[in-house]
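> what's the 3D shape of this:
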Amino acid sequence: MVTKAFRLLSCALLLVAVAGAQTAPPPAPDPQPQATQAGAYDWWARAGVTCAAGASASVGTAKPTVQCGALAGFPFFDLEFGVMGPQARQSNVSGYLSTNFWVPLIAATRLGNARGVPLIVGGYTRMFETGHALDYGLAFARPLDASHSLQFEVRDYWEISNAHQHNVVLRVVWLVGLPD
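Alright, predicted model coming up:
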């Protein structure tokens, strides 16, 4: 009887030893979060160029207008300079200096959306030949790769001093992230 119990115990220990000697399959890897790709908006500083076409309108006068400029930006803030013209009133060509703020219309955690991000843009513009203007509009920033973005905007430069004119333009802005 002792030998029969000894054999059963030996067989059980042998099965446990064989099972313990086998290697377990490696654990499943944790899913890695997708790296954000917000293009130039992933960088602390960025720079770019812009070109636009639209219309300049004042009471009784409307003219087609174009705009070209360059900008440097930081989180939620851009500084831009360039030329715009012809104006509906006062000037054929006006240099401008613009300070702008931008705010994403979606949560900041989704700013890395590879499809793009809608933005609200606005600020103050000094048109040197025309006067002071408020600028405001909507934009869509589309990342091209890890450091470049293409931004499409509809913006109104509402000239509030002297001529009371609107310069509504469709802008294309090419942005590149600047390394620290």
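> Give me the three-state assignment for Leu150.
Following DSSP: H, G, I helix; E, B strand; the rest coil, the label given to Leu150 is strand.
> now it: how far from Ala40?
Distance from Leu150 to Ala40, counting by CB to CB, to the nearest Å: 9 Å. In this view, the C-beta of every residue, glycine as well, is placed from N, C-alpha and C.
> what do these two both touch?
Shared contacts of Leu150 and Ala40, defined by CB atoms under 8 Å, 6 or more residues apart in numbering, are found at 141, 175.
> between those two, who's got more neighbours?
The neighbour comparison of Leu150 against Ala40 (other CB atoms under 10 Å) goes to Ala40, with 26 against 17.
> For that one, give me phi and psi.
Note on Ala40: its backbone torsions stand at phi -70, psi -20 [degrees, to the nearest 10].
> and it, how far is that from Gly177?
4 Å.
> For the two, list the residues in contact with both.
What both Ala40 and Gly177 touch, as defined by CB under 8 Å, 6+ apart, is the set 46, 147-148.
> TSV for those residues, including distance to Asp135?
Formatted as TSV, the shared contacts of Ala40 and Gly177 follow (distance: CB to CB, whole Å):
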residue	distance to Asp135
Arg46	19
Ser147	26
His148	24
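> quick check, nearest of those to Phe128?
Proximity of those to Phe128, judged by CB to CB, is greatest for Arg46, which lies at 25.2 Å.
> The closest residue in space to the closest one that isn't next to it in sequence: what's it in contact with?
Excluding its sequence neighbours, the residue lying closest to Arg46 (CB to CB, 6 or more residues apart in numbering) is Ala40, at 4.2 Å. Residues near Ala40 by CB under 8 Å, 6+ apart: 46, 48, 141, 143, 147-149, 175-177.
> residue boundaries of the helices in the protein?
2-21 (DSSP state H).
> show me where it has strands.
Using DSSP state E, the strands assigned to the chain run over residues 45-58, 61-74, 77-85, 94-104, 117-127, 131-143, 148-159, 165-178.
> Please point out which parts of the fourth one sit buried.
Meaning strand 94-104. 94-96, 98, 100, 102, 104 (16 or more other CB atoms under 10 Å).
> next one: the shortest one
In terms of neighbour count (16+ other CB under 10 Å), strand 77-85 has its buried residues at 78, 80, 82, 84-85.
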